[in-house]
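**Student:** Predicted model and sequence below, questions to follow.
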Amino acid sequence: MGSGAATSLGARVGVLGAGQLGRMLGLSGRALGLELTFLDPNPESPARAVGELVVADYADEAALARLAGLDVVTFEFENVPVSAVKALEARSKVFPSSRALEVAQDRLHEKTCFRSLGIGTPPFEAVETEAELLAAIGRIGLPAVLKTRRFGYDGKGQAVLKSEADAKAAFAKLVGAPLILEGFVSFQRELSIIAVRSALGEVACYPLVENHHQGGILRKTIAPAPGVSSELQRAASQHIEKLLAHLDYVGVLALELFEVGGALLANEIAPRVHNTGHFSIEGARVSQFENHLRAILGLPLGSTDVPEPCAMLNLIGVAPDPRAVLSVPDAHLHWYGKEPRPGRKVGHITVRAQDATTLAERVAELEKLIAS
Ligand code: AMP
C-alpha cells in the first residue's frame with residue numbers, strides 16, 4: 001500500500017466506535033489532516049466533536065457501505081461484531097484484521113493463543129456446566145477467577161471464587177454464557193505493554209507501564225513502570241512482538257500482564273488503542289493515537305520513547321476543578337465531553353516530572369483533588 005490512496009494527504013479514515021478512544025484518535029488525525037468518519041449507535045458519542053458521526057447500529061448495511069467507501073477502516077471498540085468487520089474487509093482495507101478481533105473477543109481463544117506462542121498465562125480451562133466448573137476447580141485449585149469468555153470489561157462478568165459455595169453462586173449468576181476458569185494470580189503488580197506494527201511491517205514498543213485498578217477499573221498508570229529490569233522489558237517486548245507477527249497485526253495492540261516473582265503472565269490483549277496508553281499523548285515522543293493512524297496508513301512510525309517519568313489518572317464519575325488540576329506543574333487535563341456518572345470514565349489527567357519523587361508528589365496532589 002506504499003503509494004496507495006490511504007497514504008496521501010487528507011486520507012479518509014473510518015472508525016467503528018466513537019467513544020473517548022475515537023475522540024483522541026480524531027484529535028491526532030486532525031493534526032495529520034485526516035478526515036475521520038465514526039460509526040456508533042450513540043448520538044452523544046464523544047468523537048462527534050472531531051469528525052463526522054454516522055449514528056447507526058454496527059451491523060447496519062447502509063452505514064457499513066459508507067465506511068467501506070473510505071481509504072482505510074479501523075475500530076476503537078472491541079465488541080463490534082466480527083461479522084461487520086468481515087463485511088468491511090471484503091470491500092476495503094481494515095486494520096487490525098477481523099482475525100485479531102476474533103481472538104481478542106474471546107478469553108479462551110486469547111489464552112490459547114498466548115499458550116501456543118509460549119507466553120505464560122495463569123492456568124485456565126473452558127467451563128460450560130457446573131460439573132465442569134467443579135472438575136476444573138479440582139485441577140486448578142482455589143482461589144480462582146470465573147469469567148465470561150466474551151463481553152467482559154472493567155471487571156464485569158467475573159467473580160473470584162474462594163470456596164465451592166462461591167463457585168456455585170457465581171455459576172448461577174453467569175450461567176448461559178460460555179465461561180473460563182482461571183487460577184487466581186497473587187501478582188506483585190499489574191503491567192501492560194503497548195506496541196504498534198505498521199502496514200509495512202515496522203514495529204515499535206512503548207516501555208512497560210504499571211497499572212493500578214480498583215473494582216476492576218483502571219485508576220492510574222505510571223510510565224515507564226518503575227524498577228523494570230532490561231530482561232523484563234525485553235521479555236514483554238518479545239511477547240507482544242510474537243503476537244503482532246502471529247496475528248499479522250496492523251495498528252496498536254495492548255497486552256495486559258501480571259508480574260509474579262520476576263516473571264510475566266499474560267492476562268489479555270486489546271486490539272486497539274488502550275487506556276494504559278493515554279499517558280503517551282504528552283508522555284511519549286509520539287502518542288499511541290498518532291502511531292495507530294500512522295500504522296494503518298502505512299506511514300513511518302514515530303518514536304515510542306518516554307523521556308521523563310509520567311503518570312495518568314483516570315477521572316471516573318468525577319469532574320475536578322480544572323483550575324486546580326492545571327495549577328499542578330506539568331499536568332494536562334483531558335475531558336471527554338461525557339456526563340459524569342458513577343463508574344464512568346469521563347476524562348483523564350497526565351502529569352510529568354523530571355524525577356520519580358517529584359512525580360509521586362504531583363500524583364498525590366492530583367489524587368487528593370480527584371477525591372475531594
Ligand atoms: P480482566 O477483565 O481480565 O482484565 O480483569 C480485571 C482485573 O481483575 C485485572 O486487572 C486484575 O486486577 C483482576 N484479575 C483478572 N484475572 C485475574 C487472575 N487470574 N488472578 C488475579 N486477578 C485477576
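**Tutor:** Perfect, thanks for sending it.

**Student:** so who does the residue positioned nearest the centre of the chain touch?
**Tutor:** The centroid of the chain falls nearest to residue 274 when counting by C-alpha atoms, centre = their mean (2.8 Å). The neighbourhood of residue 274, defined by C-beta atoms under 8 Å, 6 or more residues apart in numbering, consists of 192, 194, 252, 254, 288. Where C-beta positions appear, they are placed from N, C-alpha and C, glycine not excepted.

**Student:** Which single one of those is nearest to the ligand?
**Tutor:** residue 192 (9.4 Å; C-beta to the nearest ligand atom).

**Student:** Quickly find the element holding that closest one.
**Tutor:** strand 189-197 (DSSP states H and E).

**Student:** next SSE after that strand?
**Tutor:** Sequence-wise, the next helix or strand downstream of strand 189-197 (DSSP H and E) is strand 203-205.

**Student:** helices or strands next to that next one in the packing?
**Tutor:** Other helices and strands packing on strand 203-205, by 3 or more C-beta pairs under 8 Å, 6 or more residues apart in numbering; DSSP states H and E, are strand 189-197, helix 230-246.

**Student:** Show me which residues of this structure sit near the ligand.
**Tutor:** Selection of the chain residues close to the ligand by C-beta under 6 Å from any ligand atom yields 122, 145, 152, 155, 182, 184-185, 190, 213, 216, 256, 267-268.

**Student:** redo that, cut-off 8 Å
**Tutor:** 107, 122, 144-145, 147, 152-158, 160, 182-187, 190, 211, 213, 216, 218, 256, 258, 267-268 (C-beta under 8 Å from any ligand atom).

**Student:** Now go through those and say which are in strands.
**Tutor:** Secondary structure from DSSP state E places 144-145, 147, 158, 160, 182-183, 190, 211, 213, 218, 256, 258, 267-268 of the residues of the chain next to the ligand in strands.

**Student:** Need the worst-confidence member of the residues you listed.
**Tutor:** Lowest pLDDT of these: residue 158, 91.

**Student:** Tell me if I'm right that that residue and residue 149 touch.
**Tutor:** No. Residue 158 lies out of contact with residue 149 (C-beta atoms under 8 Å); the separation is 10.7 Å.

**Student:** wouldn't residue 328 be in contact with residue 364 here?
**Tutor:** No. Using C-beta under 8 Å, residue 328 is not in contact with residue 364, being 10.2 Å away.

**Student:** In terms of neighbours, single out the busier of these two.
**Tutor:** Between residue 328 and residue 364, counted using other C-beta atoms under 10 Å, residue 328 has the larger neighbour count: 18 against 10.

**Student:** contacting residues for that one?
**Tutor:** So residue 328 contacts 351, 362, 365-366, 369 (C-beta under 8 Å, 6+ apart).

**Student:** Can you say which of the residues you listed are buried?
**Tutor:** Among the contacts of residue 328, the ones that count as buried by 16 or more other C-beta atoms under 10 Å are 351, 362, 365-366, 369.

**Student:** could you dump those to CSV with secondary structure and pLDDT?
**Tutor:** Listed next are those as CSV, based on DSSP: H, G, I helix; E, B strand; the rest coil; pLDDT from 0 to 100:
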residue, secondary structure, pLDDT
351, strand, 98
362, helix, 98
365, helix, 98
366, helix, 98
369, helix, 97
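
**Student:** export those to TSV and tack on distance to residue 71?
**Tutor:** TSV is the format used below for the buried ones among the contacts of residue 328 (distance: C-beta to C-beta, whole Å):
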residue	distance to residue 71
351	36
362	41
365	44
366	40
369	42
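
**Student:** out of these, who's nearest residue 73?
**Tutor:** Looking at the buried ones among the contacts of residue 328 and their distance to residue 73, the nearest is residue 351, at 34.4 Å (C-beta to C-beta).

**Student:** I figured that closest one was touching residue 331, is that so?
**Tutor:** Yes. Proximity of residue 351 to residue 331 meets the contact threshold set by C-beta under 8 Å, at 4.4 Å.
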